[in-house]
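J.: mind folding the following:
(chains A and B)
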Number of protein chains: 2
Amino acid sequence: MKIAVLKERAAGETRVAATPETVKKLAALGASLAVEEGAGEAAAIPDAAYAEAGAEVGPVAKVVADADMVMGVQAPDVAALSGAKSGAWVAATFDPFGQRERVEAYAKAGLEALSLEFMPRITRAQSMDVLSSQSNLAGYKAVIAAADQYGRAFPMMMTAAGTISAAKVFVMGVGVAGLQAIATTKRLGAQVSATDVRPETAEQIKSLGGKPVFAEGLEASGEGGYAAELTDEQKAAQADLVTKHIAKQDIVITTALIPGRAAPRLVSDAQIASMKQGSVIFDLAVAQGGNVEGSVPDQLVEKHGVTIMGFSNTPAHLPADASALFSRNLFNFLNAFWDKDAGKPVLDEEIGDAIRLTRGGEVVNPRLRAAS
Amino acid sequence: MKIAVLKERAAGETRVAATPETVKKLAALGASLAVEEGAGEAAAIPDAAYAEAGAEVGPVAKVVADADMVMGVQAPDVAALSGAKSGAWVAATFDPFGQRERVEAYAKAGLEALSLEFMPRITRAQSMDVLSSQSNLAGYKAVIAAADQYGRAFPMMMTAAGTISAAKVFVMGVGVAGLQAIATTKRLGAQVSATDVRPETAEQIKSLGGKPVFAEGLEASGEGGYAAELTDEQKAAQADLVTKHIAKQDIVITTALIPGRAAPRLVSDAQIASMKQGSVIFDLAVAQGGNVEGSVPDQLVEKHGVTIMGFSNTPAHLPADASALFSRNLFNFLNAFWDKDAGKPVLDEEIGDAIRLTRGGEVVNPRLRAAS
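T.: Below you'll find the predicted structure:
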């Protein structure tokens, strides 16, 4: 089985879908690996390291030629895959709801698209879950970037000139990214509080040293580990809570995403205006429409003396670790299903059907078909 | 006594020499305060906050008119002070060795320049020591900026996709900045090691959770808490040590300064070339000539796949806290010498003579006269 690893072509994408570590492991399973020249450059992985690990390194056409499978961080355009075998697998993130046309193009080209974002949130698939691994790093990065932007220090410092008080940080949304944001904030010595639409996260917040902040009656809990969208009343209650709490915060980090839909609005312009000058808001959902009014991807927006920031692709700001974990997710996925006799992975229904978008010229994914 | 606080005019200077807190305290001593419009803007302090604290806020000419004293972060050009009283005090940092002409101009203008960098390193002056307060913040900022630049996370993370190892951080120079850099690195969960020309710092390094790294025979110890310049042999021993250690590091933070002289070279191009791709070096001495070969103030320099960075004015990247501590240093200084009957501070010899650069039309500072 020939596996091709392409250089990412999306703007701002610094990650790569395989590292020398996973190339070696996949080769040990029996696969032959081909890696496009420069694929690891932005993640500080030289071509030579792939070659040493046993991959053939070359130009894209040669790498894709007769490939049984192509691995990517973001799904490549179909045009780049014309040399691959008929029915070849492409395992990558597809943004299936947002990039529906790309999915159709994959179907038309007869490729089998495997969307890693659709990995079911079940125990045995945890090690294959790119959303979790990348969200974890994004939560860390949001705190570091906000700390670098903020005009004060995060920890309390007792100095000869007097005491500097600890920054007050509020994390909104306690999923994987939010939990890592709480943990990183706590490491840096700031005072951290957090909220979520799921009150049962209170224990998690406390266990990381944060203070839970919950409005009464917020008990919505979504499927698959995600928060469902709130009702209007709940939104109002949440907004009221935020308004009071946020006015006392130095840093706000928002992390609320709803799969397949625009991110919920958590912070309004009026709430921003209530904050102190010099405060910083990091909107981790900015690429999905934003949790914060006025946030713009990859720009520092200043409103009412508050800096609003957020990246269109946060994990890409930690390219080396993000690539390492993404690649391990992919390896864990292929390894779990590897069939020695077939010399390739053979997927089961629970996971295979969940992540498969296209096969035999058609869009076959039930979640995607239901959404259209 | 009228005290004037000017808006800083140096490029990139975001700090301010008084905050509403210190304005209030100085007013309580009996001083009348005048603050230039916009003086606190870059440090997120609105004019209204100064006015509320009891200062007159206005244009520069009105603020300086008949002032007995002018406070600055960086000493203003003499031209801006023409309305001040004859013999007025100007308390600020003067970079006296580097900006000798400015000192002469102050003498010629009949002003009394008080150079805060010359504050003696004695116990009772610790609370007045701007170099310490600003170096402390600079050490914090260097770590945050390096962490934000680095393509990996600092802490070890155990995730479902496997473990990410902790970053290896090496701090060179264990003064105030270096100690804070060690503490901040440790907070963030990285592995930290450190070195200095003073082996007696080993205990301090250990007490902050760092691993001391010392070459044999390095026992030079300078005056006033600063490291003296090394001999050629010591430099070679130090460089050898660095060469071996640095090749294993992900992050290097250099903090070595020698007062009145160019910063010592600690990291050579060959040593940089030995580092892993994606490593980051933060040169806190870049504005004083740099500890690191090829470092350029305020630029990301990439050499051998390693990013070398450093700011021309690191505390200015934490304007709010840096202003708060600088202002408290200034208040502590004036408060310690305040004479109720005279209605102004009366300096003693130990501190007054140490920091006074000019008086009665002449350069009177013994350290400065010895250097010329």
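
J.: count of neighbours near residue A:11?
T.: When neighbours are counted by other CB atoms under 10 Å in any protein chain shown, residue A:11 registers 7. No exception for glycine: its C-beta is placed from N, CA and C like everyone else's.

J.: in a strand, that's where it is, yeah?
T.: No - counting by DSSP: H, G, I helix; E, B strand; the rest coil, residue A:11 is located in no strand; its state is coil.

J.: now do the contacts for residue A:63.
T.: A:4, A:5, A:6, A:34, A:35, A:36, A:56 (CB atoms under 8 Å, 6 or more residues apart in numbering or on different chains).

J.: tell me the contacts of the fifth one?
T.: If you count contacts by CB under 8 Å, 6+ apart, residue A:35 has them with A:4, A:5, A:18, A:23, A:47, A:50, A:55, A:56, A:57, A:63.

J.: filter those down to the ones in helices?
T.: A:23, A:47, A:50, A:63 (DSSP state H).

J.: now, which of those residues sits nearest chain B?
T.: Taking CB to the nearest CB as the measure, chain B sits nearest to residue A:47 out of those, at 11.7 Å.

J.: related to what we said a few turns ago, closest to residue B:352 among the ones in helices among the contacts of residue A:35?
T.: Top of the list for closeness to residue B:352, among these and by CB to CB, is residue A:47 at 64.6 Å.

J.: what's the pLDDT at residue A:154?
T.: On the pLDDT scale, residue A:154 is placed at 98.

J.: got it, and residue A:223?
T.: Turning to residue A:223, the model gives it a pLDDT of 44.

J.: thinking again about what came up before, and the furthest pair within the contacts of residue A:35?
T.: The distance between the two most remote of the contacts of residue A:35 (CB to CB) is 14.7 Å, for A:4 and A:47.

J.: between those two, which one's more packed in?
T.: More crowded of residue A:4 and residue A:47, by other CB under 10 Å: residue A:4, with 33 against 17.

J.: which ones are touching the more buried one?
T.: Applying CB under 8 Å, 6+ apart to residue A:4 gives the contacts A:34, A:35, A:36, A:63, A:64, A:67, A:69, A:70, A:71, A:84.

J.: any idea how far residue B:338 is from it?
T.: Taking CB to CB, to the nearest Å as the measure, residue A:4 falls 76 Å from residue B:338.

J.: in chain A, which spans are helices?
T.: Under DSSP H, chain A gives helices at A:20-29, A:47-52, A:60-64, A:100-108, A:130-149, A:176-187, A:202-207, A:232-246, A:269-273, A:319-337, A:354-355, A:366-371.

J.: which residue sits closest to the residue in the stretch 151-300 of chain A that chain B sits nearest to, ignoring its sequence neighbours?
T.: Residue nearest to chain B within the stretch 151-300 of chain A: residue A:278 (3.0 Å; CB to the nearest CB). Leaving aside its chain neighbours, residue A:278 sits nearest to residue B:44 (3.0 Å; criterion: CB to CB, 6 or more residues apart in numbering or on different chains).

J.: with residue A:176 instead?
T.: If the residues on either side of it in the chain are set aside, residue A:176 comes closest to residue A:135, at 4.1 Å by CB to CB, 6+ apart.

J.: that neighbour touches residue A:173, doesn't it?
T.: No - using CB atoms under 8 Å, residue A:135 is not in contact with residue A:173, being 10.3 Å away.

J.: now do the shared contacts for the two.
T.: Listed as contacting both residue A:135 and residue A:173 by CB under 8 Å, 6+ apart are residue A:255.

J.: now do stretch A:63-77: distance to the chain's middle.
T.: Here the centre of stretch A:63-77 is set off from its chain's centre by 21 Å, with CA atoms, centre = their mean, to the nearest Å.

J.: now swap in stretch A:194-205 and tell me
T.: Worked out by CA atoms, centre = their mean, stretch A:194-205 lies 20 Å from the chain centre.

J.: pLDDT (mean, whole number) over it?
T.: Rounded mean pLDDT across stretch A:194-205 is 89.

J.: sort out which residues of that stretch are buried, please.
T.: Applying a neighbour-count criterion of 16 or more other CB atoms under 10 Å in any protein chain shown, the buried positions in stretch A:194-205 are A:194, A:195, A:196, A:197, A:198, A:199, A:201, A:202, A:204, A:205.

J.: show the contacting residues for the closest residue in space to residue A:134 that isn't next to it in sequence.
T.: Excluding the flanking residues, the one nearest residue A:134 by CB to CB, 6+ apart is residue A:315, at 4.2 Å. Residues in contact with residue A:315 (CB under 8 Å, 6+ apart) are A:15, A:134, A:137, A:138, A:141, A:322, A:326.
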